[in-house]
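> Sequence first, predicted coordinates after that:
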There are 2 protein chains.
Amino acid sequence: MTAILPRSGANWPGLIEHYREYLPVDERTPVVTLREGNTPLIPLESIGRRLGRGLRVWAKFDGLNPTGSFKDRGMTIAVSKAKEAGAQAVLCASTGNTSAAAAAYAARAGLRAYVLIPEGYVALGKLAQALVYGAEVIAIRGNFDQALAIVRTIAEHYPITLVNSVNPFRLQGQKTAAFEVCDQLGTAPDWLCIPVGNAGNITAYWMGFCEYAQRGRIAGRPILQGFEASGAAALVGGKVEPVAHPETVATAIRIGNPASGVRALAAVRASAGAIRVVSDPEILEAYRILACEEGIFCEPASAAAVAGLLKYGHEAPAGGQVVCVLTGNGLKDPDRAIAVSAVEIAPGADPTASAVAKAMGF
Amino acid sequence: MTAILPRSGANWPGLIEHYREYLPVDERTPVVTLREGNTPLIPLESIGRRLGRGLRVWAKFDGLNPTGSFKDRGMTIAVSKAKEAGAQAVLCASTGNTSAAAAAYAARAGLRAYVLIPEGYVALGKLAQALVYGAEVIAIRGNFDQALAIVRTIAEHYPITLVNSVNPFRLQGQKTAAFEVCDQLGTAPDWLCIPVGNAGNITAYWMGFCEYAQRGRIAGRPILQGFEASGAAALVGGKVEPVAHPETVATAIRIGNPASGVRALAAVRASAGAIRVVSDPEILEAYRILACEEGIFCEPASAAAVAGLLKYGHEAPAGGQVVCVLTGNGLKDPDRAIAVSAVEIAPGADPTASAVAKAMGF
């Protein structure tokens, strides 16, 4: 399974070059890349043991992309195409991972990046990444829906490319994660467990698996197992039922009206899978298990995939291969890490080996 | 230069398996891996243009390792060897990247991790990562030197492995970064620019280049260009001259008495290179350029390598290849990102496209 890479000249060129034949680019496209993709597929042995029945479980850790989330996969191509089209800037309404990725790729492309946010909506910390990449952040006296409407209008009237999820190139880039999973496993997995927020990523994975199957690179497609947070579960009824005030600790999937909901539901149905719910306590328990047993620190939203597997894994075929998609890096949300850590630092011990050994329980 | 990887079965197994023949492991060693290594070599085109004279510049971005720093390279092997030796726990005195890596690999190995810190020395935020991985943090009423002395004593008397920089296996793992640079470039670079704190990493890179040259995998070795922060410059006089109270914004290299100083100086001399100084303003300017022009968000300490190149790059051979080592992820230090970002968020604009377009300068 783990064939060794060639030793010399093996320099990952980024996902556009690596998967060029599958992507809407040609020789005129200026490729803007941070060498995103090629993220590790990490065995989850402890979680496999918890589930038993010979299940083999992996994490596709897309939090190790250059800006710390899977958004880089879509942004490399969205910004490349924006530059090809002669855009002077990119624009999005976002308070999280999208704004960071947009800002980084725009910086690399020599384009300006604008990020629209609702005034008072978000702590500065959440935008630190976009700011450090040099994005211009504009607050409006309005809510997030208004911000979205405004960026769509502006993109129609100025030489500025909208890179929110309505940008069609983003899912094209994101589908390469499915290619990588198959290339790394040497086959398609039996199950793909994935967090569902805006529902674009599960849609993109399905596009990727279908294309690989059509080209004969995999024999079959996985069953999609999508997981929404219980406070933001717009799709679990099998149709899009918007949630007016979504709430969950998993902020990256705190979305009440998923932009790709209809397509995601169709994908899940075609795969004979489901979109189901995990609670915040289940998400945080999976987050803790990933860190303390597997040594993987992901965003809370990412842990929803593992929470779902721990909840419904008994339905997976015995001996099957399961891949959980971890969409973001835990370092994105250090406050959550501190809140979850049960450990307290005890008052200072005497500075002697014996006192410290005693504090350690020896 | 960017040969395409094989499509199927190409699953990076972690650096121990990939470079097994170069490492002190055998079939009895239980390999503890998070699939570390295989980090991207990212072209720095903007910085290359700034320097001119045909220089080709890359960043080896080791901040994309699983815990966000190059420490994972050493820790995969240190913890594997600890487990092989029957240790029940690992132990370190650290307030930064070492503690995070030790905690993550110990969690994965099923070992306990203990982190010793001086009481009151550090904000909880810096230890969030170690805590989330389940490490036990013990504060002592003493300073960092006392903490180091205590962990050494404890490791001698209990079945606990010390994973501070005195652990000899760590540099063995770290040297694989040099292998990867050569494998990715298809040759050794002309210059290697690298931050110098404890001086272990520059020593490890040199070990790696020398071994690759001895085995005939590269024709020549690079010139090492090490850079210390001006407030923690213990090696720039050509011998180890400890700094009693090191100070720099680049906390990961705020070290006054480098453990590997003597070996690092010998390596630099053998390479016909130098260890020189960059100031905090120079470091922060490089940090800003990396983010705003290259789209790369690294730790301030990492930016010291680029600051040094910007300062002394005129000495590099025209048309030469230069690799800058970026040791840590910028997400490790979000407060610094906020402090450095000059951008301010303007008071809320009216929620109309025309008002926002005006705020954008259109």
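Yep, that arrived. Numbering: from 1, shown residues only, chains lettered A, B, ... in the order given.
> drop to CA atoms for contacts and neighbour counts, all remaining ones
Will do.
> Low-confidence ranges, the stretch 251-362 of chain A, go.
Scanning the stretch 251-362 of chain A with the threshold set as pLDDT under 70 gives A:342-344.
> For the stretch 51-200 of chain A, which segments count as strands?
Along the stretch 51-200 of chain A, counting by DSSP state E, counting those that start in this stretch, strands occupy A:56-61, A:89-93, A:112-118, A:136-140, A:160-162, A:191-195.
> any idea how far residue A:139 is from the residue nearest to residue A:152 when sequence neighbours are not counted?
Sequence neighbours aside, residue A:162 is the residue nearest to residue A:152 in space, at 6.9 Å (criterion: Cα to Cα, 6 or more residues apart in numbering or on different chains). Distance of residue A:162 to residue A:139, given as Cα to Cα, to the nearest Å: 17 Å.
> Those residues of the stretch 251-362 of chain A touching chain B, which are they?
Those residues of the stretch 251-362 of chain A that sit near chain B, judged by Cα under 8 Å from any Cα of the partner chain, are A:288, A:291-297, A:331-332, A:334-335, A:337-338, A:340-341, A:343-354, A:356-357, A:359-360.
> Could you break chain A into its assigned domains?
Domain segmentation of chain A under the TED database yields A:15-68+A:168-340, A:70-162.
> what's the span of the first one from first residue to last?
Looking back up the chat, that one is domain A:15-68+A:168-340. Criterion Cα to Cα; first-to-last residue distance in domain A:15-68+A:168-340 is 35 Å.
> residues in the stretch 101-250 of chain A within reach of chain B, list them.
Within the stretch 101-250 of chain A, the residues that sit near chain B (Cα under 8 Å from any Cα) are A:103-108, A:110, A:114, A:118-119, A:124-125, A:128-129, A:131-142, A:146-147, A:150-151, A:153-154, A:182-186.
> May I see the ChimeraX selection of the buried members of those residues?
Applying 16 or more other Cα atoms under 10 Å in any protein chain shown to these, the buried members can be selected in ChimeraX as follows:
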select /A:103,104,105,106,107,108,110,114,118,119,128,129,131,132,133,134,135,136,137,138,139,140,141,142,146,147,150,151,154,182,183,184,185,186
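> Residue A:27 - how many residues pack around it?
Residue A:27: 6 surrounding residues under other Cα atoms under 10 Å in any protein chain shown.
> now do residue A:117
Taking other Cα under 10 Å as the criterion, the count of residues near residue A:117 is 27.
> Enumerate every residue touching it.
Counting by Cα atoms under 8 Å, 6 or more residues apart in numbering or on different chains, residue A:117 touches A:93, A:94, A:95, A:137, A:138, A:139, A:140, A:144, A:147.
> May I have the beta-bridge partners of it?
Here residue A:117 sits in beta bridges with residue A:139, as judged by DSSP bridges.
> Surely residue A:97 and residue A:71 touch.
Yes: Residue A:97 is in contact with residue A:71 according to Cα atoms under 8 Å; the separation is 6.6 Å.
> In terms of neighbours, single out the busier of the two.
Using other Cα under 10 Å as the criterion, residue A:97 and residue A:71 rank with residue A:71 on top: 28 against 23.
> So which residues of chain A form helices?
A:15-18, A:45-51, A:71-84, A:97-109, A:124-132, A:144-157, A:168-174, A:176-185, A:200-214, A:261-270, A:280-289, A:300-312, A:334-340, A:353-359 (DSSP state H).
> Most tightly packed of those?
Highest mean neighbour count among these (mean count of other Cα atoms under 10 Å in any protein chain shown): helix A:97-109, with a mean of 29.
> For that one, give me every contacting residue.
Outside of helix A:97-109, the residues within contact range by Cα under 8 Å, 6+ apart are A:32-34, A:67, A:69, A:71-72, A:75-76, A:79-80, A:83, A:89-93, A:112-115, A:127, A:129-131, A:133-135, A:163-164, A:252, B:291-296.
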